[in-house]
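Enquirer: No sequence on hand, only this structure:
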């Protein structure tokens, strides 16, 4: 059992701050799902690679190519561990059925994208998606101005699709 087993949403946010210096941009969304956390995490853990991001995968591939970080590859399913590649992210931290933190770092941005699952009874889960970015230079701010409107839309749609797929699994 991890020391984070009883982590709260506030503790999750603090965990994110351990991976991003001075985040300037935050996007936090959540959705209630009528499925157990294990079913939801099953989808969260399979994100990226051939499975895609549960929404407009071509947009996310384009974003990765813009950052110079996207290296298309086939990611066979495996249990993720810290340091694994997930498209243009690296797994920064993970706890099964609880959370997944993905680290993004290039010459413009330092950021984290994470999922946090909060059990709300046997068949209910609150899924949070959090994006935190800090800028390394002015080109980072320009890059973010371009992708920010898409990021908000993509995150909302991603959560809706994970909800639909999770609820259809049970």
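Expert: That came in fine, so what should we check first? Because the structure is predicted, anything quoted here is derived from the model rather than measured. Numbers count the residues shown, from 1 in each chain.
Enquirer: what comes up buried for stretch 35-53?
Expert: The neighbour-count check on stretch 35-53 (16 or more other Cβ atoms under 10 Å) flags 35-37, 39-49, 52-53 as buried. Where you see a C-beta, it was placed from the backbone N, CA and C, and this is true even at glycine.
Enquirer: just these now: which is nearest residue 89?
Expert: residue 48 (7.4 Å; Cβ to Cβ).
Enquirer: So what does the closest residue to that closest one other than its chain neighbours have for phi and psi?
Expert: Counting by Cβ to Cβ, 6 or more residues apart in numbering, residue 48 lies nearest to residue 86, which is 4.0 Å off, once chain neighbours are set aside. Here the main-chain torsion angles of residue 86 (degrees, to the nearest 10) amount to phi -130, psi 90.
Enquirer: Which pLDDT value belongs to residue 86?
Expert: Confidence per residue is given as pLDDT, and for residue 86 that number is 85.
Enquirer: How many neighbouring residues does it have?
Expert: Neighbour count for residue 86, taken as other Cβ atoms under 10 Å: 19.
Enquirer: same check, this time on residue 170
Expert: Other residues within reach of residue 170, judged by other Cβ under 10 Å, total 10.
Enquirer: Relative to residue 35, how far out is it?
Expert: Counting by Cβ to Cβ, to the nearest Å, the separation of residue 170 from residue 35 is 5 Å.
Enquirer: who touches both of those two?
Expert: In the contact map built from Cβ atoms under 8 Å, 6 or more residues apart in numbering, the residues linked to both residue 170 and residue 35 are residue 123.
Enquirer: Just the closest of the buried residues of stretch 35-53 to residue 17, please.
Expert: Nearest to residue 17 among these, with distances taken as Cβ to Cβ, is residue 44, at 20.9 Å.
Enquirer: and that closest one, what does it touch?
Expert: Contacts for residue 44 (Cβ under 8 Å, 6+ apart) come out as 100, 115, 117, 127, 162.
Enquirer: Just send these back as CSV, with distance to residue 19 too.
Expert: Output for those, formatted as CSV (distance: Cβ to Cβ, whole Å):
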residue, distance to residue 19
100, 12
115, 14
117, 18
127, 20
162, 22
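Enquirer: Which of those fall in helices?
Expert: Of the positions in the contacts of residue 44, residue 162 sit in helices, assigned by DSSP state H.
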